[in-house]
Structure formats: C-alpha cells, structure tokens
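K.L.:
Sequence plus predicted model, see below.
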Amino acid sequence: AHDHDCEASDCGPAYSLYKHIDLPRVVCLNERDQGTAKNVFKPWAQRTQPTPAPLRSNEDDDELLLHVPFDGAVKLKAISVIGGTGGTAPAKLRVYTNRSDLDFSSVSSVPAVQEWDLQEDVGGMMEYPTQVAKFNGVHSIDLYFSGCFGADFSEIHFIGFKGEYSERKRQAVEAVYEARPMPEDHKVPGQNQGPQWQA
C-alpha cells in the first residue's frame, strides 16, 4: 500500500475511471441489499462523504465478489478502497481481469492477477498500486473481498480506480476477396515477354 496526501497532489483526475464503469452491468455476489454495489463508485472528491446505502455483505459472511465492466479498455494503475467503521472494513482484496465466469466456488481455485492486504482507511488516503503491466487492456475487473477487522460482515463506501482509459474501437475491416485470380489484375514486369536468350 502506498500512503500519500492525495488532497495536495489532486488525485481526482487520475481517479476518473468511475465515469467509464458500465454501472447497469455491475454485479455483486453476497451483497445484503441488492443494487448497493453501484453506490460505491463515485467521484474522488466525494469519496469521504457518507454513502446513504453502502455495500454490505450478509451477516456472518464477510465475503463480497464484485464484477465491474468498463465501457472501453483501461490501464489500471491503482485501487482505493474505503471500508466501513467498527471493524467492518474488508481486510483482503484479490483482483481478476477480463473474467465473466467467477463465483465463490471458483474464485479460490483461480490465481488472482494481484492481491493486497488492506488497511482500515476511512480518510481515503491509501492507494494500492497495481503491477501495471498486468493491468493493461482491462475491459472488466473482478474484486474479491474477504475478511474484515473484527465485525461479522464487511462494508464498503468507496472503490476508486486510478488509470487511463482508451475508447473501445468498433471499426469494420474492409477486405476484398477474389473468387478466381485474374492474371490481368496482377501484372508482373516482364511477365509476358517469354524467355530472353542471349546468343
């Protein structure tokens, strides 16, 4: 984890990837109140403001598995997580990229792209840097949170993604195919002159 004063260095622009999250397609397994996962993605400047309906796991089960699709490709450089108070902040994060097949039974057998031990950080000053080379061309990210700091459920108020966005390009490729090669379309210099014999 890397701790620095983001207010002084103005991390807001760097943490603008929330605008590129495809919110209607965000899915969370084990969220207590359905749909609250979408509430944790907000502008950097609002990260410490109270989240009216934060993301909470079910009682006696602190695991959360979020699938977060983007509307283009991103290069992810760091993640910020603000958990709840009273020991409800998540303690571990494992991250997977470009997967759509994970659930609680498979997530333990699939190697994570990267994992972190999280800290309790209500001020939102901690960021968890990624190994950037492994987080290039990311179209979706799965975040598996487990453990917490003493409570019997976990709670998250903010998740921020720092990085760069590149728009998904949908370009048609124009190609011409020949059903039958036509020799006149493929002139080669000297082709029709026949062998040249020098005496």
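P.N.:
Sure, I can see it.

K.L.:
quick one: Gly163 from Gly150, how far?
P.N.:
32 Å (Cβ to Cβ, to the nearest Å). In this view, the C-beta of every residue, glycine as well, is placed from N, C-alpha and C.

K.L.:
Neighbour count for those two, which is higher?
P.N.:
Ranked by neighbour count (other Cβ atoms under 10 Å), Gly163 and Gly150 place Gly163 first, with 21 against 9.

K.L.:
For the one helix or strand that one maps to, which strands pair with it and how are they oriented?
P.N.:
Under the assignment given by DSSP states H and E, the secondary-structure element containing Gly163 is strand 155-167. Each strand that strand 155-167 pairs with, and the sense of that pairing, follows from DSSP bridges: strand 55-56 (antiparallel), strand 64-83 (antiparallel).

K.L.:
Please name the residues that touch Arg25.
P.N.:
By Cβ atoms under 8 Å, 6 or more residues apart in numbering, the contact set of Arg25 is His67, Pro69.

K.L.:
Now it, what are its backbone angles?
P.N.:
Note on Arg25: its backbone torsions stand at phi -100, psi 0 [degrees, to the nearest 10].

K.L.:
Now do the same for it: its pLDDT.
P.N.:
The predicted structure scores Arg25 at 96 on the pLDDT scale.
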